[in-house]
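>>> Generate a structure from the sequence data that follows.
(one chain, ligands or ions: 1)
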Amino acid sequence: MKTLPRLLACAALAACAAKADKFDGLALTPPMGWNTWNTFAGNCSESLVRDTADAMVANGMRDAGYTYIVIDDCWSMKERDKDGSLVADPAKFPSGMKALGDYLHSKGFKFGMYGCAGKTTCGGYPGGRGHEFQDARQYASWGVDYFKYDWCDHGTANGPESYRIMSDAIRAAGRPIVFSLCEWGQNQPWLWAEPVGHLWRTTGDIGASYAGGAKNKWEHGWKQLLDMNVGLEKYAGPGHWNDPDMLEVGNKGLTLAESRAHFSFWCMLAAPLIAGNDVRQMAPEVRAILTNKDVIAIDQDPLGHEGFRFRVDKDKEIWAKELSNKEWAVCVLNTGAAPAQLTLDMHDLTFLTEQYYDVTDVWAAKRAGGANDPHTAMVDAHDVMLFRLKPGS
Ligand code: GLA
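Numbering: from 1, shown residues only. This next block holds a predicted model:
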């Protein structure tokens, strides 16, 4: 192509702005971990992070795969130092970030941190704009393994360009770091961010509710976020994931059934599983949801296909996710406000290719019969039936 037409075509295509070269192979399955924000907001601290890490060893979360512990907004001082470097707030993090990272690594975790592509973070702390390479070197020197980059106060900055610069800065700093884009889907990152980062938020923030509207317009219920991700499934795959935001499992505002369904759907979406509850004092039923290895296996399936919405009926939705070895996960949601008897007739699942499947009820952890039998159960409001189908004979 001649130069001018090529330039014009590039100007029209945001993808051309994204020639970044992220570290490959870091997130072949969706990242799993824990983040300070959903429960503690600005009250992150070294003691909270250490106690959480210790709790995640004791309660089995680390061994279930939750390895990234991420410090979100409000960790720094309000001003950079005289050299322009970010400084951890010594009142919150008296031992400093390097020591905290060392502690997390010594316990078998990976260390995640937060910054913002704008001039200030959403909490009003210094943003990364204009300091990208300096900041990336600093994160690398602290042993950071995962970096979430927000989008507040970005002014007139260009989205793809801002994230590409930070991706380049991480590459230049030389430490393999999972790059988590958090521009809320505003610039359709699924179209350009695959070479830039490993996961990208597709929406605004989650709140602890099913249908949203609880606190403010900016916070969504998980069912709203689920709906907003319809159609994006084709953009996700090993190393590049749609991120419908962190988990609210176990947080006040969700019934246990809603937490179970929320977790089921994040696994159906091959979403990053970043817990956001206080895991130091979690009810056993909540722990059982977060550490259910058969449900997590649906999320972490190596094929890396995101699930899709197959059918919407009155008070019922059916979602499906293709797994490796021709297996499938099928999730049926009661969208009604009352318990209801739901039926899944496998004959309706026109995407199935094999003659016969063995069917497991995943939450009940028991065989649910063969594919030729309809599966009927009483399902609570906003709860699910979750099945795994394996080709059989
Ligand atoms: C934005 C992000 C959230 C969280 C807050 C912190 O709202 O989307 O996930 O990081 O900022 O201020």
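>>> Which pLDDT does the model give the residue in the stretch 201-350 of the chain that the ligand sits nearest to?
The minimum distance from the stretch 201-350 of the chain to the ligand, using CB to the nearest ligand atom, falls at Asp205 (4.7 Å). Bear in mind the C-beta positions are built from the backbone N, C-alpha and C, glycine included. The model reports Asp205 with a pLDDT of 97.
>>> Please name the residues that touch it.
Asp205 makes contact with 184, 218-220, 245 under the criterion CB atoms under 8 Å, 6 or more residues apart in numbering.
>>> Could you do Val49 as well?
With CB under 8 Å, 6+ apart, Val49 has these contacts: 36, 69, 71, 100, 104.
>>> The first one - nearest residue in space that isn't next to it in sequence?
Meaning Thr36. Leaving aside its sequence neighbours, Thr36 sits nearest to Cys44 (CB to CB, 6 or more residues apart in numbering; 4.1 Å).
>>> Quick check, that neighbour in contact with Val70.
No - using CB atoms under 8 Å, Cys44 is not in contact with Val70; the gap is 9.7 Å.
>>> Mind listing the shared neighbours of those two?
Between them, Cys44 and Val70 share the contacting residues Thr36, judged by CB under 8 Å, 6+ apart.
>>> Measure how buried Gly155 is and give me the count.
Look at Gly155: counted by other CB atoms under 10 Å, it has 7 neighbours.
>>> Name the SS class of the closest residue to Ala193 other than its chain neighbours, please.
In space, Ala193 comes closest to Trp200 once its chain neighbours are excluded; the distance is 4.7 Å by CB to CB, 6+ apart. Secondary structure state of Trp200, per DSSP: H, G, I helix; E, B strand; the rest coil, is strand.
>>> thought Trp200 was touching Leu181?
Yes - between Trp200 and Leu181 a contact is recorded at 4.0 Å, counting by CB under 8 Å.
>>> shared neighbours of the two, anything?
189, 193.
>>> circling back to that earlier point, for the residue of the stretch 201-350 of the chain closest to the ligand, grab phi and psi.
phi -80, psi 150 (degrees, to the nearest 10).
>>> any idea which of the contacts of Asp205 is least confident?
Trp218 (78).
>>> residues touching that residue, list them.
Contacts of Trp218 (CB under 8 Å, 6+ apart): 204-205.
>>> hey, which helix is longest across the chain?
helix 159-173 (DSSP state H).
>>> can you pull the contacts of Pro30?
By CB under 8 Å, 6+ apart, the neighbours of Pro30 are 199, 241, 270-273, 299-300.
>>> so is Asn325 in a helix, a strand, or just coil?
helix.
>>> Can you give me the pLDDT of it?
Confidence score, pLDDT, at Asn325: 97.
>>> Output the below-cut-off pLDDT ranges for the stretch 1-150 of the chain.
Low-confidence segments of the stretch 1-150 of the chain (pLDDT under 70): 1-19.
>>> Let me see the ranges of the strands in it.
Along the stretch 1-150 of the chain, the segments classed as strands by DSSP state E, counting those that start in this stretch run 32-35, 68-70, 110-116, 146-150.
>>> Which one, of those, ends up nearest to the ligand?
Nearest to the ligand, of the strands of the stretch 1-150 of the chain and by CB to the nearest ligand atom, is strand 146-150 at 5.0 Å.
>>> Neighbouring strands of the closest one in the sheet, and parallel or not?
strand 110-116 (parallel), strand 178-181 (parallel) (DSSP bridges).
>>> Quick one: those as JSON lines, columns for distance to the ligand and mean neighbour count too.
Compiled in JSON lines, those are given as follows (distance: least, CB to the nearest ligand atom, whole Å; neighbours: other CB atoms under 10 Å):
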{"stretch": "strand 110-116", "distance to the ligand": "6", "mean neighbour count": "26"}
{"stretch": "strand 178-181", "distance to the ligand": "10", "mean neighbour count": "26"}
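>>> Dump the ones you listed into JSON lines; add distance to Pro31 as well.
Below are the strands paired with strand 146-150 laid out as JSON lines (distance: least, CB to CB, whole Å):
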{"stretch": "strand 110-116", "distance to Pro31": "9"}
{"stretch": "strand 178-181", "distance to Pro31": "6"}
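>>> Please identify which of those strands is closest to Pro374.
strand 178-181 (41.3 Å; CB to CB).
>>> For the stretch 1-150 of the chain, list the residues in contact with the ligand, please.
Residues of the stretch 1-150 of the chain lying near the ligand by CB under 6 Å from any ligand atom: 37, 72-73, 121-123, 150.
>>> Please consider this matter closed, and thank you.
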